[in-house]
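In: Below: sequence and its predicted model.
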Amino acid sequence: MKFNNVARRVLSPRPSEFISTQTENFLRRLKPRPFVVDYIEGVYKNNVLPNVNDNTVTISVLTDTHAKAVVSASYYGINGMRHIIEANQVSNDVGVDLNVHLGDLMDGSDKPEISRGLLKFAVENYQASKPPFFIVEGNHDENDKYDEHRFFKSASFHRDDYDSLVTKYDFEQSEILRLNPVSRVGWFDKGDVRIVFIDTSDIPYILSNGSKKYDFKKVRGVREQQLEDLTTVLQRTVDKHVVVMGHANIISPSGRSALNFNGDLVQKLLVAFNNKETGQLKNELTGDFGVNIRYDFSATGISKVTTYICGHMHYEKNYKVSEINHIILNCSALMGKKHGLTTDYNKKWDRRYNEISELSGYFINIDPNKLRLQIFGYGAATRYVSFEI
């Protein structure tokens, strides 16, 4: 079942603000399922809570929910939005320190007015939960999948649609900080722990004859201004245990860039920070993704970036490069074993609608005193893994 395209104007007469009324009305009828809430709360109370104290940071994490305006019992659909509702209900009840969504909140394959409705509803659900939240932009969140398949590659999202519907609300919270009103780097502090968020879909919005120069779904990268902002944030980070989060993995286990542009430079910057170095970060590119900046990490005390956490790949994996843990979390979206795009990792889980395997999510507990980061998974996720920080 798909939702019909019925649009209305909200907040502004700009075309980019059209949101499907029918989608909004349907989403507001979604309720958390008691058996799912009880299950996730049980994971928290039995496994996570014994590790929680005033000095630790506990984060609820979802990634790649791929919400889509279709009712599906075996693949992407409105179930992705229900996973957000259920995880946030638990986060609200148990009182985590931070709610995080690591991107691809939606699949980006619906008509633009429907996709805007999905983004709007998701943000409202995060706002309604007591803990502060941060939603990272994923490569599907600019609706380019729809542009590719149904809209003859013209841009269905305007330049500021995602920012006005999502990013704006990340930074309206007093607990979430950034250097200036346009910076793509955010951070959250609690005690000796700093969580830094980067945007791996930092792609310029450039139109040529109505089409985008870059396909946001296929191209991932980090530009010079974001690297400069990240440098400034790190230079001002003194005596902190730092965990960085983004949507896509920045480097491979061999140390090569896993982004189309500058993933290796992010890694080099983090390593330079850990080594208290002063130097220059530069690539051989010019134009949109050229980089040439300087850094000085000599006055950051005992600060160290120990971990980079992301989603995007629709499987779980962890590896260490230059003493930094790189952790990939599984997608929260339902991926039935008979679908062609379902990864082997998710086929092994044999994920099924209305069963625990339908969902996938995590609690992350960071303990600066024990120098330990623990990940507690539920649903189609590894139940426990621990890392030194």
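Out: Structure's in. What do you need?
In: Buried ones in stretch 114-127, by neighbour count?
Out: Within stretch 114-127, the residues that count as buried by 16 or more other Cβ atoms under 10 Å are 114, 115, 116, 117, 118, 119, 120, 121, 122, 123, 125, 126. Every C-beta, even on glycine, is put in place using the N, C-alpha and C of the backbone.
In: out of the residues you listed, who's nearest residue 38?
Out: Nearest to residue 38 among the buried residues of stretch 114-127: residue 125, at 19.2 Å, using Cβ to Cβ.
In: So which residues of the protein form helices?
Out: 21-28, 34-43, 79-94, 112-128, 144-150, 161-162, 168-170, 224-235, 263-274, 344-349 (DSSP state H).
In: who does the third one touch, helix- and strand-wise?
Out: With contacts taken as 3 or more Cβ pairs under 8 Å, 6 or more residues apart in numbering; DSSP states H and E, helix 79-94 sits against helix 34-43, strand 57-62, strand 98-101, helix 112-128, strand 360-367.
In: State the mean pLDDT of the first one.
Out: Helix 34-43 comes out with an average pLDDT of 98.
In: now the angle from it to strand 360-367?
Out: Using axes from the mean of the first three to the mean of the last three Cα atoms, to 10 degrees, one finds that helix 34-43 and strand 360-367 are set 20 degrees apart in direction.
In: for helix 34-43, packing partners?
Out: With contacts taken as 3+ Cβ pairs under 8 Å, 6+ apart, helix 34-43 sits against helix 79-94, strand 372-379.
In: Ok, which of those comes nearest residue 69?
Out: Nearest to residue 69 among the helices and strands packed on helix 34-43 is helix 79-94 (9.3 Å), distances taken as Cβ to Cβ.
In: So, low pLDDT: which residues of the stretch 151-300 of the chain?
Out: Where the stretch 151-300 of the chain drops to pLDDT under 70, the residues are 151-153.
In: looking at this structure, which residue ends up farthest from its center?
Out: residue 209 (31.0 Å; Cα atoms, centre = their mean).
In: who touches the nearest residue to residue 346 once chain neighbours are set aside in this structure?
Out: Nearest non-adjacent residue to residue 346, counting by Cβ to Cβ, 6 or more residues apart in numbering: residue 335, 4.1 Å away. For residue 335, the contact set (Cβ atoms under 8 Å, 6 or more residues apart in numbering) comprises 75, 76, 314, 341, 342, 343, 346, 347, 351.
In: Filter those residues down to just the buried residues.
Out: Applying 16+ other Cβ under 10 Å to the contacts of residue 335 flags 75, 76, 314, 342, 343, 346, 351 as buried.
In: Could you find the closest non-adjacent residue to the fourth one?
Out: Ranked by Cβ to Cβ, 6+ apart and with sequence neighbours excluded, the top spatial neighbour of residue 342 is residue 335, at 4.3 Å.
In: per-residue confidence for the residue nearest to residue 346?
Out: Turning to residue 335, the model gives it a pLDDT of 98.
In: how much space is there between it and residue 73?
Out: Separation of residue 335 from residue 73 (Cβ to Cβ, to the nearest Å): 12 Å.
In: Residue 185 too?
Out: Distance, residue 185 to residue 73, by Cβ to Cβ: 39 Å.
In: Can you tell me which of the buried residues of stretch 114-127 is closest to residue 173?
Out: Among the buried residues of stretch 114-127, and counting by Cβ to Cβ, the member closest to residue 173 is residue 126, at 9.8 Å.
In: Would you agree the closest one is in contact with residue 120?
Out: No: assessed by Cβ atoms under 8 Å, residue 126 is found out of contact with residue 120, at 11.2 Å.
In: Phi first, then psi, for residue 332.
Out: Backbone torsions of residue 332, given as degrees, to the nearest 10, read phi -80, psi -20.
In: any idea how far residue 103 is from it?
Out: From residue 332 over to residue 103 (counting by Cβ to Cβ), the distance is 11 Å.
In: Between these two, which is the more surrounded one?
Out: Between residue 332 and residue 103, residue 332 has the larger neighbour count (other Cβ atoms under 10 Å), namely 31 against 26.
In: Would you agree that one is in contact with residue 360?
Out: Yes: Residue 332 lies in contact with residue 360 (Cβ under 8 Å); the separation is 4.9 Å.
In: between these two, what contacts are shared?
Out: Residues touching both residue 332 and residue 360 (Cβ under 8 Å, 6+ apart) are 83, 379.
In: Quick check: which ranges of the stretch 1-150 of the chain have low pLDDT?
Out: In the stretch 1-150 of the chain, residues with pLDDT under 70: 1-18, 150.
In: Which residue comes closest to residue 315 once chain neighbours are left out?
Out: Using Cβ to Cβ, 6+ apart and skipping residues adjacent in sequence, the residue nearest residue 315 is residue 345, 3.6 Å away.
In: And for residue 159?
Out: Using Cβ to Cβ, 6+ apart and skipping the chain neighbours, the partner closest in space to residue 159 is residue 205 (4.6 Å).
In: same thing with residue 321?
Out: Closest to residue 321 by Cβ to Cβ, 6+ apart is residue 255, at 5.2 Å.
In: got it, and residue 214?
Out: In space, residue 214 is closest to residue 203, 4.8 Å off (Cβ to Cβ, 6+ apart).
In: Between residue 332 and residue 103, which contacts overlap?
Out: Overlap of the contact sets of residue 332 and residue 103 (by Cβ under 8 Å, 6+ apart) consists of 63, 64.
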